[in-house]
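A.B. asks: Predicted structure and sequence below. I'll ask about it afterward.
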Amino acid sequence: MSESDRRPDGRAQSWPTLGELGEDAVLAEVLAALGPQPGDVPVAAGDDAAVLATPSGSVVVTTDSMVRGLDWRDDWSTGDDVGQKVVRQNLADVAAMGAVPTGLVLALAADPATPMAWVTELARGVGRTSRAAGAAVIGGDLSGAPAGTVMVGVTAMGDLQGRDPVRRSGARPGDVVAVAGTLGRSGGGLALYLDGTDQGGGEAADELREVHRTALGAPLAAGPVAAKAGASAMIDVSDGLVQDLGRVAAASAVAVDLERAALTAVAAGPLNEVHGPERALHHVLAGGEEHALVATFAPVAVPTGWQVIGRVLDGPPGVTVDARAVEAAGWDHFRR
Ligand SMILES: Nc1ncnc2c1ncn2[C@@H]1O[C@H](COP(=O)(O)OP(=O)(O)OP(=O)(O)O)[C@@H](O)[C@H]1O
Ligand SMILES: Cc1ncc(C[n+]2csc(CCOP(=O)(O)O)c2C)c(N)n1
Ligand SMILES: [Mg+2]
């Protein structure tokens, strides 16, 4: 990079911007960066709306958006990181119903001063991550936004392959609670960023920060596996294990008791290494954005790849650890 490519503050030059290119050129660049799309798509991006096949006759639909400054920071995350994360957080909701992802649409509202390079990276992250999951990006929307604002919204679709959906309301006393994927790593990574530990701390810290930036490791294939095994209820962990399991408990009118020893085993590895056992357990219980899957099963039906962490009991809806109340407030977008 030559000196003329640098701004006075020393950061890489950020042109051309979306405003300099104009909407049609931005769209052409986004479509190129998304890359080839998998799956059965009768009408792909480019017309007024897309047409997506519905292999088993019903469509699972979910939407989730990310806002700059609240869901990511440009000094922590690249456009590619945001693209990966917004896809995984949407496909985790599809997986949490027991469905396989089929397609998604991508909405971007951005300040015209946003560098095209950031949006190209975003589209690359979206295209690569959804392609790896077998979902086609079939369309989207481009919009301007006030100075400083960037919002990325995804709506994802999935197919149940003829199975019943796995609801939050199906947990029954006598079931066990099991998790697929890791817990607490995203929260542990966010804690490092918030402490100003943006770099360093070795491989374990790098791993936590990467999980936070990208939701790498969201166990998308485990959703259909759980559904096939007869899971009675399922949710993805977006706001925190205790908070999200509380939603299952409320919807199912049951109590959930988690085993501290099992949660300690879940906290093993980089999370424990970086934060120590006590903070690690806190991140397992309260950390959001991991997009692990948590499901309830008859004790004999827990499939491979799922770790038992507790049980479902008859009782007032709520979540306890070793039969004790826990202080593990998760994320709330509006209450701070
Ligand atoms: N603005 C809204 N209008 C209608 N329904 C909504 C709205 N916001 C959320 N919902 C519905 O409320 C339910 C819970 O949504 P919520 O976003 O808390 O959980 P989620 O879909 O699992 O997402 P995440 O995994 O990101 O937490 C979902 O069924 C969702 O579709
Ligand atoms: C800059 C910055 N500050 C804080 C956070 C933490 N955060 C944002 S949304 C969320 C919960 C899931 O949301 P949703 O339910 O919408 O998927 C969490 C834990 C972040 N990612 N970036
Ligand atoms: Mg969810």
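C.D. replies: Thanks, I have the structure now. Ligands and ions are numbered 1, 2, ... in the order given.

A.B. asks: Just the pLDDT for residue 1.
C.D. replies: Here the pLDDT value assigned to residue 1 is 40.

A.B. asks: Could you measure from the residue of the chain at minimum distance from ligand 2 over to ligand 1?
C.D. replies: Residue of the chain nearest ligand 2, by Cβ to the nearest ligand atom: residue 288 (3.3 Å). Where C-beta positions appear, they are placed from N, C-alpha and C, glycine not excepted. Applying Cβ to the nearest ligand atom, to the nearest Å, the value for residue 288 to ligand 1 is 8 Å.

A.B. asks: can you map out the strands along the protein?
C.D. replies: Ranges of strands within the chain are 60-67, 100-110, 136-144, 150-159, 176-180, 233-236, 255-258, 293-297, 307-313, 318-321, 324-325, based on DSSP state E.

A.B. asks: which helices and strands does the longest one pack with?
C.D. replies: The one in question is strand 100-110. helix 23-34, helix 79-96, helix 116-132, strand 136-144, strand 150-159 (3 or more Cβ pairs under 8 Å, 6 or more residues apart in numbering; DSSP states H and E).

A.B. asks: Surely residue 331 and residue 241 touch.
C.D. replies: No. If you go by Cβ atoms under 8 Å, residue 331 and residue 241 don't touch, sitting 11.5 Å apart.

A.B. asks: Residues contacting stretch 209-218, please?
C.D. replies: 72, 76-78, 81, 84-85, 88-89, 91-92, 95, 125, 181-182, 185-190, 192-193, 198, 236, 289-292 (Cβ atoms under 8 Å, 6 or more residues apart in numbering).

A.B. asks: And the pLDDT for residue 9?
C.D. replies: 50.

A.B. asks: okay, the residue nearest to residue 116 when sequence neighbours are not counted: pLDDT?
C.D. replies: Closest residue in space to residue 116, ignoring its immediate chain neighbours: residue 16 at 5.1 Å, by Cβ to Cβ, 6 or more residues apart in numbering. Turning to residue 16, the model gives it a pLDDT of 96.

A.B. asks: isn't residue 16 right up against residue 114?
C.D. replies: No. Contact criterion Cβ under 8 Å: residue 16 and residue 114 do not qualify, at 10.4 Å.

A.B. asks: residues in contact with residue 246?
C.D. replies: Counting by Cβ under 8 Å, 6+ apart, residue 246 makes contact with 256, 317, 318, 319.

A.B. asks: Can you tell me how far it is from residue 165?
C.D. replies: Per Cβ to Cβ, to the nearest Å, residue 246 is found 20 Å from residue 165.

A.B. asks: next one: residue 328
C.D. replies: 28 Å.

A.B. asks: More neighbours: which of these two?
C.D. replies: residue 328 (19 against 15; other Cβ atoms under 10 Å).

A.B. asks: what pLDDT does that one get?
C.D. replies: Taking residue 328 on its own, its pLDDT is 74.

A.B. asks: same question, residue 27
C.D. replies: 97.

A.B. asks: Count the neighbours of the closest residue to it other than its chain neighbours for me.
C.D. replies: Distances taken as Cβ to Cβ, 6+ apart place residue 142 nearest to residue 27, at 6.1 Å, with adjacent residues excluded. Using other Cβ under 10 Å, residue 142 has 16 neighbouring residues.

A.B. asks: ok, what's across the strand from residue 142?
C.D. replies: residue 108 (DSSP bridges).

A.B. asks: same thing with residue 233?
C.D. replies: residue 296.

A.B. asks: didn't it look like it was pressed against residue 250?
C.D. replies: No. Counting by Cβ under 8 Å, residue 233 sits too far from residue 250 to count as a contact (11.2 Å).

A.B. asks: more crowded one of these two?
C.D. replies: Neighbour count, other Cβ under 10 Å: between residue 233 and residue 250, residue 233 has more, with 28 against 14.

A.B. asks: Stretch 213-224 close to ligand 2?
C.D. replies: No. Stretch 213-224 lies out of reach of ligand 2 by Cβ under 6 Å from any ligand atom, never closer than 8.9 Å.

A.B. asks: Of all the residues in that stretch, which ones are buried?
C.D. replies: 213, 214, 215, 216, 217, 218, 219, 220, 222, 223, 224 (16 or more other Cβ atoms under 10 Å).

A.B. asks: can you list the strands of the chain in a markdown table and add mean pLDDT and distance to residue 25?
C.D. replies: Formatted as a markdown table, the strands of the chain follow (pLDDT from 0 to 100; distance: least, Cβ to Cβ, whole Å):
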| stretch | mean pLDDT | distance to residue 25 |
| --- | --- | --- |
| strand 60-67 | 98 | 24 |
| strand 100-110 | 98 | 14 |
| strand 136-144 | 98 | 11 |
| strand 150-159 | 98 | 18 |
| strand 176-180 | 98 | 42 |
| strand 233-236 | 98 | 36 |
| strand 255-258 | 98 | 52 |
| strand 293-297 | 98 | 40 |
| strand 307-313 | 98 | 49 |
| strand 318-321 | 97 | 50 |
| strand 324-325 | 94 | 57 |
